[in-house]
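Novice: Quick one: sequence and predicted model below, then my questions.
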Amino acid sequence: MKALVVDDSQSMRNIVKSGLKEMNIFTEIAEAENGLVALKKLQEEGPFDIVFLDWYMPEMEGYDCLVNIRQNSNWDDIKVMMVTTENQQENIIRAVMAGANEYLMKPFNSEMLQEKVKIMLGLEE
């Protein structure tokens with residue numbers, strides 16, 4: 001499986017990547033520092049199975065990236081998890097309505113991330 005971690009913070013990308021590597025199900029974990037770079041990677045390096053999107057980033061925010069992903073029928077099978085400090089109920093609902101499969105609030109630990117990934121991918125034990 002291939003994952004794409006999108007966050008403007010290198011340390012947050014490293015935290016997510018570390019948690020994903022522990023799962024031993026991802027053969028490749030790419031990263032992008034904003035939504036524009038993420039869309040370019042999806043076009044050039046895809047297909048990806050799962051994308052982890054921060055909400056607040058320069059150039060293009062995660063929500064706008066999510067909308068772009070969901071508008072491209074080639075990416076219908078991609079699972080998207082919002083990983084963000086955004087906790088306003090209306091924005092969480094907005095992201096889910098736009099096509100987010102899962103939502104993880106920062107701060108989180110590896111176990112929380114891995115549990116959400118398992119649920120999203122149908123790998124619950």
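Specialist: Here it is on my side, so go on. Numbers count the residues shown, from 1 in each chain.
Novice: tell me the centre residue of the chain?
Specialist: By Cα atoms, centre = their mean, the chain has its centre lying nearest to residue 52, at 1.1 Å.
Novice: wait, doesn't that residue sit right on residue 16?
Specialist: Yes: judged on Cβ atoms under 8 Å, residue 52 makes contact with residue 16 at a distance of 5.5 Å. Using the backbone N, CA and C atoms, a C-beta is placed for each residue, glycine as well.
Novice: what is in contact with these two at once?
Specialist: By Cβ atoms under 8 Å, 6 or more residues apart in numbering, residue 52 and residue 16 have these common neighbours: 5, 7, 83.
Novice: Which residues are in contact with the last one?
Specialist: Translated: residue 83. Contacts of residue 83 (Cβ under 8 Å, 6+ apart): 7, 12, 16, 52, 53, 54, 104, 106, 108, 113.
Novice: where's residue 99 relative to residue 82, distance?
Specialist: 10 Å (Cβ to Cβ, to the nearest Å).
Novice: Mind checking which of the two has more residues around it?
Specialist: residue 82 (24 against 16; other Cβ atoms under 10 Å).
Novice: Assign the more buried one to helix, strand or coil.
Specialist: Assigned with DSSP: H, G, I helix; E, B strand; the rest coil, residue 82 falls in the strand class.
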